Every structure is written in structure tokens, then in C-alpha cells.
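1. Take this sequence and fold it.
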Amino acid sequence: MLKRMREKLNNERGLTLVELLAVIVILAIVGAIAFVMIGNIIENSKKDAAVADALQAINSAKLYEASGEEIEESGVTVKKLHDDGYLDKLYDPWTKVEYGTGDSNKVTKTSSTNEENKEMVYKVSLDASKCKINDRSEADLIADGRDVCDK
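-> Here you go, the predicted model:
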């Protein structure tokens, strides 16, 4: 019995160099694929954040108007909505910098062209570094999601 155990121990082999290299190559390929996929997920989540910021700006403009303020023909800027307490500061998802204070980040209001049911349509323009949202309605933002980015 002792003899059989010694023979069994002597016959055991480790992994060959070729087998180790094959495992390393397979792990490298899987790692590269995972790295690319994670990069795409992060980019898509940043686009989703920009769309969510745009929707938040529209909702803040509606609240602004419902509280008795008037939205001028040129629109109301994101900075004005923030300064008046209707909106928290919005930050560009890519640069982590607050959206600019210029007139490019604003919400405008127009009436729909449907004669039967005239309703107000709110449109937002938001200038993120890698996602420019230009004059998009709430319906556009919800329906198209991250595809609303013009850049």
C-alpha cells in the first residue's frame, strides 16, 4: 500500500508552460473585453446623467412658473432657476464643473401647434462638455434618452 502511494505521488504532474500561457492569454482577452465594456457603461451613465439634468431643469422651470413667475420669451436660465431656489446646482458629468452661467443653459416655453389641445411645451438647452442638448422637449428627452446628445 505504501508503494502505491509513492507511485501515485511520483506520477502527479504540474501544469506545463504551454498550459499556463494559454490560461494567461485567455484571462488577458477576457480582461480586455471587460475593460471596454466598463468604459462604455461609464460613458452611457454620464449621458444619462446629462439627460436627467435636462429633465430636472424643465421640471424646475415648471415649478418656477407655477409659483407665479413668468418665463420670458427668451427663456429662463439654469442659473436663474438656481439663484431663485428652484434648482440645485447642476454639474457637467464629464468635467464635474458647474454648467456655465451663460444663456446657452436655459429652458424656453412655447405653445404647441395642435389647435385642438393647446398646451405649453417646455424645451431645454444644456451645454455639457460631451453632450450638447439643444432645444429638446421633455418628450424628446424621455423617448430618445441618451441619443438626444448633439455632440
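
2. got the CA positions of stretch 104-114 in PDB?
-> Provided in PDB are the C-alpha atoms of stretch 104-114 (Å, rounded to 0.1, in the frame of the first residue of the first chain):
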ATOM      1  CA  SER A 104     -26.900  78.600 -23.600                       C
ATOM      2  CA  ASN A 105     -28.200  76.700 -20.500                       C
ATOM      3  CA  LYS A 106     -31.900  77.600 -20.400                       C
ATOM      4  CA  VAL A 107     -35.500  76.400 -20.500                       C
ATOM      5  CA  THR A 108     -37.900  78.000 -23.000                       C
ATOM      6  CA  LYS A 109     -41.700  77.700 -23.300                       C
ATOM      7  CA  THR A 110     -43.800  77.700 -26.400                       C
ATOM      8  CA  SER A 111     -47.300  76.700 -27.200                       C
ATOM      9  CA  SER A 112     -48.000  73.600 -29.200                       C
ATOM     10  CA  THR A 113     -49.200  73.800 -32.800                       C
ATOM     11  CA  ASN A 114     -52.000  71.500 -32.100                       C
END
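
3. State the mean pLDDT of it.
-> In this model, stretch 104-114 has an average pLDDT of 82.

4. Which parts of the chain are strands?
-> Using DSSP state E, the strands assigned to the chain run over residues 76-77, 106-111, 120-127, 132-137.

5. hey, which of those strands is tucked in deepest?
-> Among these, ranked by average contacts under mean count of other C-beta atoms under 10 Å, first place goes to strand 76-77 (a mean of 22). For every residue, glycine as well, the C-beta is placed using N, CA and C.

6. what lines up beside that strand in the sheet?
-> strand 106-111 (antiparallel) (DSSP bridges).

7. ok so, going back, of the strands of the chain, which is nearest residue 15?
-> Closest to residue 15 of these is strand 132-137 (C-beta to C-beta; 53.7 Å).
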